[in-house]
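# Using only what follows, build the 3D model:
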Amino acid sequence: MKHAAPAPPELGELDGLAYALFLPNEPPPAGVVICHGAGSAKESHFDFARECRAAGLAALAFDARGHGRSQGAFGASPYDDVLAMLGLMRGHAPAVALRGSSLGGTCAIHAAARDGDVAAVVAICPAPEDLLLRGLRSGELLEFEADREALEATLSSTSVFDAVERLGPRTSLLLLHAEGDEQVPYTVSQELFAAAREPKRLLLLPGGHHRSLQHDMELQAVSRRFIENAAGRR
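Down below sits the predicted model:
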């Protein structure tokens, strides 16, 4: 049986950041900005964006600087770039949320803490700054174009553990982590959960690896419903 190809997203650029916007047919109750991980690109998360659109939510995936079709190197203003995407999404939805994986999960937490009015953050295997710095200095992290000096300064001067403490009560936090994650120990999410304020939820999944949870259809549905519920409490 042949299935119709999914409707393509609206492609655009804002301040050198390339994005793909998925809008449902009816006005959405909420929208989610999707932050990919190091060395990835927005297209890797189109499956989740389509899941959101099919459920009536708006979704926006974008290429971080140094990745995909976005301009510039990654390092000086990654959190400000996420805030710019939140501003774009606010033109399409009354409530906004963030969903990030690995480095993207860390950026999502920082951006939400700075914004102060994000309905929900879904962070999948978020990577703390000390691990990112270790990868940067060893060369393992450089799968993308980076301003090494600026990125090291950013990572050295910020803490995702401090940022997560500033979330709530208006921002609901969902942490997802695979216990088999070979890059970021699942204990990181346990520590973030302990530091965060309510409302919050932690899901540790047996086995898996660093990227296995991003494309799990059941967990995508869990994430989407979490965002919907958080937006509904506004």
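
# what about the residue most central in space within the chain, distance to P6?
Nearest residue to the geometric centre of the chain (C-alpha atoms, centre = their mean): G100, 1.7 Å. Note on G100: its distance to P6, by C-beta to C-beta, to the nearest Å, is 23 Å. Just so you know, the C-beta spots here come from the backbone N, C-alpha and C atoms, and that holds for glycine as well.

# Stretch 24-41 spans what distance, first to last residue?
End-to-end distance for stretch 24-41, by C-alpha to C-alpha, to the nearest Å: 22 Å.

# ok, the residue nearest to the centre of the chain - contacts?
Residues in contact with G100 (C-beta atoms under 8 Å, 6 or more residues apart in numbering) are 34-37, 106-109, 121-124, 126.

# can you rerun that using 10 Å?
When contacts are counted by C-beta atoms under 10 Å, 6 or more residues apart in numbering, G100 touches 33-37, 45, 82, 106-112, 121-126.

# Phi, psi for it please.
The phi and psi values for G100, taken as degrees, to the nearest 10, are phi -140, psi 150.

# Next up, phi/psi of R99, please.
Torsion angles at R99 (phi, psi; degrees, to the nearest 10) stand at phi -140, psi 120.

# what's the neighbour count on it?
A count of neighbours around R99, defined by other C-beta atoms under 10 Å, yields 31.

# So in terms of bridging, what pairs with it?
I34, V122 (DSSP bridges).

# Distance of it relative to A55?
Distance of R99 to A55, computed by C-beta to C-beta: 14 Å.

# In terms of pLDDT, where does the residue nearest to the centre of the chain sit?
Note on G100: pLDDT of 98.

# got it, and S212?
pLDDT recorded at S212 is 94.

# That one reaches S102, doesn't it?
No. The criterion here is C-beta atoms under 10 Å, and S212 misses it with S102 at 11.9 Å.

# joint contacts of the two?
124-125, 181.

# Would you list the buried entries among those?
124-125, 181 (16 or more other C-beta atoms under 10 Å).

# How about the contacts made by E198?
Counting by C-beta under 10 Å, 6+ apart, E198 touches 167-169, 172-173.

# Can you report phi and psi for E143?
phi -100, psi 10.

# Next, count neighbours for it.
Per other C-beta under 10 Å, the neighbour tally for E143 reads 14.

# confidence score at the closest residue in space to it that isn't next to it in sequence?
Sequence neighbours aside, G39 is the residue nearest to E143 in space, at 3.2 Å (criterion: C-beta to C-beta, 6 or more residues apart in numbering). Listed pLDDT for G39 reads 93.

# Can you name the residues that contact G39?
Contacts for G39 (C-beta under 10 Å, 6+ apart) come out as 66-67, 102-103, 141-144.
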